[in-house]
Structure formats: structure tokens, C-alpha cells
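In: my questions concern the predicted model and sequence given below.
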Amino acid sequence: MISCRFRFIFLFSGAMMLSCIIEGQNWNFAKEKEGIKIYTCTEAGKDLKSYMGIADINAPAEKVFALIEDVNNTDWWDKNFSQIKILLYEKYKRARYYLVYNLPWPVTDRDLCVDVSVVYDSVSGGGRITATPLDGIIPEYPNLIRIKEYRQTWTVKPAGRNLTHVVLEGYIDPAGSIPEWITNMLITESPIKVITEIKQRMEKSTK
């Protein structure tokens, strides 16, 4: 499914203040599935909406954070990458990576170069991971469409003994010609899929 193919956009990000809240806009409830709540809000001057996924995971915060932060552990990422290239990784500090995403014909493949900064609280085990586009490192290729409008935030906080509160918030413009129903899925379905993957892995490992 095409919705599954976009899960890479949710893997790395962070910021304690949600952008729509900063701009004085309101989050609107979109849907809930398996305990994961999805909200959207209108981006000022944009046609697409921002998304926010919220969930509690039955696992210690430090383990949840470690899974999300480690860009060298990609076996749980989407399987439709034709290329994953780690450019830089400093544990609990920063990372850079480049992705090429294979989409079914006639949709043109996308690529994305990402700059990641990490803030980790060794006392609580939580923190935040911030991802933004990285320019000037990987050249743009004529057979790919470069994603340039992108941001993502993971905020991870302990919510009790072996319980972690996770917030995923961000915005992406896939650029170029994309059917509207695909962009709509990006906003609601993809956050659910990636958070569900984390929940399943973490909760299975703690049993």
C-alpha cells in the first residue's frame, strides 16, 4: 500500500513546542486506532495540514528513545527504500541520512536528505529528536523529486513506571504531482503505522 510506503517520513524528529500551537492554531481530532490518537491542524499559507500522533507505550522511556534515535537500526523501517545512506551518526547528539523512496509507476520516486539533532535527558530517559531538510550535501538528481518542505518532532517522556508518553508531530510536502488521497493518508495513516510499529516492538521486548 502506498500509505505504508511513506512511513519513512516519521522516523526522526523532535521539538517540545508544537509548531501549530506556537502559531496560535488549534489541533483538530482526526481519528484513533489502537490507543493512538491523531490530530491535524492547518498550516498558515500551506495547502497541506500538519499532523500529530499521541500514544502511551508500555516500556521504559530510555528504551523507546533508544529505538527511535538509532539510525543504524533500520530493520523496522519501511521496506520500500531503494537506498538508505547514513551520512553521520553521533549517538544521542546528531545524525544525517539520505533516503531514496521507490514509488509505484507513474508516481516519480522521491528522495530526502535529513539533518537530525538530539536532546537526551539521561535522568528521565526521555528527550526529543528534531529532523529538518539538509541542503547542499547530496545533489538533486533529474530522475527524482527532492522533498524540501519537511519537519518532524519526536517527544519522548516517562509517564510512570515502564510507561512512556510519545508525541509525534510534523509536516511534509511530498512535492510534485501526488494524488490527493495519498497526501491525506500521510497525515492520518502513516503516523499510526509508525507508532504502532514502535509500540509492538517495545511491548514485545518487555514481556
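Out: Right, received. Where do you want to start?
In: C-alpha from now on. contacts and neighbour counts both.
Out: Noted.
In: which other helices and strands contact the helix or strand Trp154 falls within?
Out: Using DSSP states H and E, Trp154 sits within strand 149-160. Counting contacts by 3 or more C-alpha pairs under 8 Å, 6 or more residues apart in numbering; DSSP states H and E, strand 149-160 packs against helix 61-69, strand 127-133, strand 163-173.
In: now do the contacts for Tyr150.
Out: Tyr150 sits next to Thr132, Pro133, Gly170, Tyr171, Ile172, Asp173 when contact means C-alpha atoms under 8 Å, 6 or more residues apart in numbering.
In: before we move on, back to that, please work out the angle formed by the directions of the strand holding Trp154 and strand 127-133.
Out: Here strand 149-160 points in a direction 170 degrees away from that of strand 127-133 (axes from the mean of the first three to the mean of the last three C-alpha atoms, to 10 degrees).
In: sheet-wise, list the partners of strand 149-160 with their directions.
Out: strand 127-133 (antiparallel), strand 163-173 (antiparallel) (DSSP bridges).
In: torsion angles phi and psi at the residue nearest to Leu163 when sequence neighbours are not counted?
Out: Closest residue to Leu163 apart from its sequence neighbours, by C-alpha to C-alpha, 6 or more residues apart in numbering: Asn58 at 4.7 Å. Geometry field for Asn58 lists phi and psi as phi -80, psi 80, criterion degrees, to the nearest 10.
In: got a list of what Asn58 touches?
Out: Going by C-alpha under 8 Å, 6+ apart, the list of residues near Asn58 reads Asn162, Leu163, Thr164, Lys199, Met202, Glu203, Thr206.
In: kind regards, and thank you for your time.
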